[in-house]
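S.K.: Quick one: sequence and predicted model below, then my questions.
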Amino acid sequence: MKLRLQFMGLSVLVAAAVLGACGGGGGGSSSDSNASNALTPSQISAITAAQIAAYSDAQVSALSTDIKYLSDSALQALTAGTNASHPSGQIESITAAQIAAMSPAQIRMIGAAGPGGSVTTSQIQYLNTGAWAALVSNPVQVAAITAAEVPTLWDAEIIAFGTNINALSNAALNALTYATLAGNVNRNIGQIESITVAQIAAMSPAQVRMIGAAGPGGSVTTSQIQYLNSGAWASLVSSPAQVAAITAAEVATLWDVEIVALGTNINALSNAALNALSYTTVTNLQHNIGQIESITTAQIAAMSPAQVSILAGITSNFGASTAIAWLNSGAFSTLSSTQVAALIPVNMLGVSPTQLASLTTAAIAGFSSATIASLTVQQRSSLSSAQHTACGC
């Protein structure tokens, strides 16, 4: 049975079964789906927020790509909740084809109904995996994801961005978080920790600076790259260009294992970044050895004399410009004649007799006369005859 409605000379055909589907909120039967398919674009655009709330999951899916004709208010009313009519939730029922048919502006409306008729943040985190994959396969859609939406996303959704993560805006990258959500199986790994090797490789140095860098009042502070997983970190620091872009503020946040993982590319750090290395430890399983103490023999060997001089110039508990004493025994013993030639008397204040004696005779011969003259009797006490001869002390 069909009803013909007349209004100012315009005729609109409405199927009686369709009207029932809009108002009754049935259980998602095949007849419900057929009813949804029977709707014309103009009828879909006329569906109200109250009517869409009564749609079953099957009816939402059955709108097919014509879902794009829903009004903003109807899209906002879609819900993630489940009940007898929504065993999967309306948003979860949206298909990949439907997502592909929607504009970025429409995506922002999905489930975004707020109090008092306001529009808040979309609930795109509840899209099924196929629909999410369709969304993030489109760089234009990724670029439209907001900073407010990012914190709602689940670990698997961060991974599913693939290399299109580099299409996120700076504001969206800033909003990535290392935090996990207690009791949420979809967020038991932090977002930053979920970033993959391929994703880091796809990001520019400027984008890496944006990761988790949201500060108060919309400011941009220091990235939280220390929370990258070990694979992603290894990928990042395998690139000298990426290492060169690491800031002094970021260096101060890095964990011991991340310093070691820099490998010989540590010599690509800027002077300011090198100068930010610390001898201190933190009550933190990730930072229970000082950064300077973590430097390896291979890393010291890769540094220029000027870089060793910067390292030595860092303040430690021995005083200003005494951090060279915090190298581990292996790294200290690796210092070459050209590297020790860059050391000045004050740099040697905290150096132990054992450390000094670990140097090769060639290295000891490289000390400047002023530095040799500054060595204490105690420091020289462990030197061998050959070493005494080498330094003339």
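M.R.: Looks like it arrived, so ask away.
S.K.: Where does the prediction get shaky in the protein?
M.R.: Applying pLDDT under 70 to the chain flags the ranges 1-37, 85, 283, 285.
S.K.: run the last query once more with 80
M.R.: Along the chain, segments meeting pLDDT under 80 span 1-37, 82-86, 181-187, 282-288.
S.K.: and Ser230, how many neighbours does it have?
M.R.: 12 (other C-beta atoms under 10 Å). All C-beta atoms are positioned from the backbone trio N, CA, C, and that covers glycine.
S.K.: Surely it and Trp255 touch.
M.R.: No: applying C-beta atoms under 8 Å, one finds Ser230 not in contact with Trp255, separated by 10.2 Å.
S.K.: Which parts of the chain are strands?
M.R.: For the chain, applying DSSP state E gives strands covering 2-7, 10-15.
S.K.: Contact partners for the residue nearest the centre of the chain?
M.R.: Closest residue to the average C-alpha location of the chain: Ile192 at 3.3 Å, with C-alpha atoms, centre = their mean. By C-beta atoms under 8 Å, 6 or more residues apart in numbering, the contact list for Ile192 reads Leu176, Thr177, Tyr178, Ile211, Gly212, Gln224, Ile225, Tyr227, Leu228.
S.K.: Switch those over to CSV, and while doing so, append neighbour count and distance to Cys391 to every line.
M.R.: Formatted as CSV, the contacts of Ile192 follow (neighbours: other C-beta atoms under 10 Å; distance: C-beta to C-beta, whole Å):
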residue, neighbour count, distance to Cys391
Leu176, 26, 53
Thr177, 19, 54
Tyr178, 17, 49
Ile211, 24, 48
Gly212, 22, 49
Gln224, 21, 46
Ile225, 26, 43
Tyr227, 23, 46
Leu228, 28, 44
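S.K.: Check what contacts stretch 131-149 and list those residues.
M.R.: 94-100, 104-105, 107-108, 121-122, 124-125, 127, 157, 160-162, 164-165, 167-169, 171-172, 174-175, 214.
S.K.: Can you check the distance spanned by that stretch, start to finish?
M.R.: 16 Å (C-alpha to C-alpha, to the nearest Å).
S.K.: quick one: the helices in the stretch 201-350 of the chain?
M.R.: Using DSSP state H, counting those that start in this stretch, the helices of the stretch 201-350 of the chain run over 205-208, 230-237, 240-244, 248-251, 256-261, 271-275, 291-294, 297-302, 305-312, 329-333, 337-340.
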